[in-house]
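K.L.:
Just to be clear, the model below is a prediction. Sequence and coordinates:
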Amino acid sequence: MEKSLVLLSLLLLFPLSIQNPDPVVKAPTPAHAELTNYGFPVGLLPSSVKYYSLNQTSGEFSIDFGGACKITLPPDNYLATYSKKVSGRIVKGRIAELQGIRVRAMFKWWSITGIRSSGDNLVFEVGMVTAKYPSKNFDSSPDCEGKRASS
């Protein structure tokens with residue numbers, strides 16, 4: 001009797017342990033998958049990627065979001081805008097010549113010109129100034145907020 005009670009308890013708990021806790025998880029786009037190939041988390045790109053191109057030789061890339069996109073960046077809740085088109089050059093652990101991403105900090109809009117992967121951190125470059133944040137803050141790809149922002 002005791003064995004069957006234990007077995008029944010395990011059978012009742014088993015389906016709970018294999019259920020996906022977030023059934024609305026979106027599959028990453030090919031652009032998001034490519035980002036991870038270069039050592040970056042998918043959360044650097046909003047989920048609304050419509051099209052992307054990448055020159056495997058030069059690392060030059062272009063991403064089209066179908067319209068401008070506004071998101072809030074973790075952990076400090078900076079407002080960021082992605083233009084309809086974002087471009088740059090990517091190599092393992094480094095994105096350079098970045099165009100099309102701006103962030104609002106200290107009451108001013110700043111263009112993010114590069115991103116480096118440094119251990120468990122990402123280093124965002126705004127000209128000669130840098131800011132470092134844990135990579136884990138960018139593990140999931142954000143959705144664009146509300147109405148599309150203008151670029």
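P.N.:
Right, received. Where do you want to start?
K.L.:
Would you give the sheet partners of the lengthiest strand in the chain, along with the direction of each?
P.N.:
When the chain is parsed with DSSP state E, its longest strand is strand 78-91. Strand 78-91 pairs in its sheet with strand 60-64 (antiparallel), strand 69-73 (antiparallel), strand 94-105 (antiparallel), by DSSP bridges.
K.L.:
Not counting its own residues, what contacts that strand?
P.N.:
38, 46, 54, 58-73, 95-105, 109, 112, 114, 149, 151 (Cβ atoms under 8 Å, 6 or more residues apart in numbering). Glycine gets a C-beta too; all of them are placed from N, C-alpha and C.
K.L.:
Let me know the pLDDT of the spatially most central residue of the chain.
P.N.:
Of all residues in the chain, the one closest to the mean position by Cα atoms, centre = their mean is G43, 1.4 Å from it. pLDDT, G43: 92.
K.L.:
what's the spacing between it and T57?
P.N.:
From G43 over to T57 the distance is 27 Å, taken as Cβ to Cβ, to the nearest Å.
K.L.:
same thing with R94?
P.N.:
Applying Cβ to Cβ to R94 and T57 gives a distance of 16 Å.
K.L.:
So which of the two has more stuff around it?
P.N.:
The neighbour comparison of R94 against T57 (other Cβ atoms under 10 Å) goes to R94, with 19 against 6.
K.L.:
CA atoms only for stretch 90-102, dumped as PDB, please.
P.N.:
The C-alpha trace of stretch 90-102 is given here as PDB (Å, rounded to 0.1, in the frame of the first residue of the first chain):
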ATOM      1  CA  ILE A  90      30.500  41.700 -35.900                       C
ATOM      2  CA  VAL A  91      33.300  39.400 -34.900                       C
ATOM      3  CA  LYS A  92      33.600  36.900 -32.100                       C
ATOM      4  CA  GLY A  93      33.000  38.900 -28.900                       C
ATOM      5  CA  ARG A  94      32.800  42.400 -30.500                       C
ATOM      6  CA  ILE A  95      30.200  44.400 -32.400                       C
ATOM      7  CA  ALA A  96      31.700  47.600 -33.900                       C
ATOM      8  CA  GLU A  97      30.700  50.400 -36.200                       C
ATOM      9  CA  LEU A  98      27.200  50.100 -34.800                       C
ATOM     10  CA  GLN A  99      24.500  52.400 -36.200                       C
ATOM     11  CA  GLY A 100      20.800  52.600 -35.400                       C
ATOM     12  CA  ILE A 101      20.700  52.100 -31.600                       C
ATOM     13  CA  ARG A 102      20.300  55.000 -29.200                       C
END
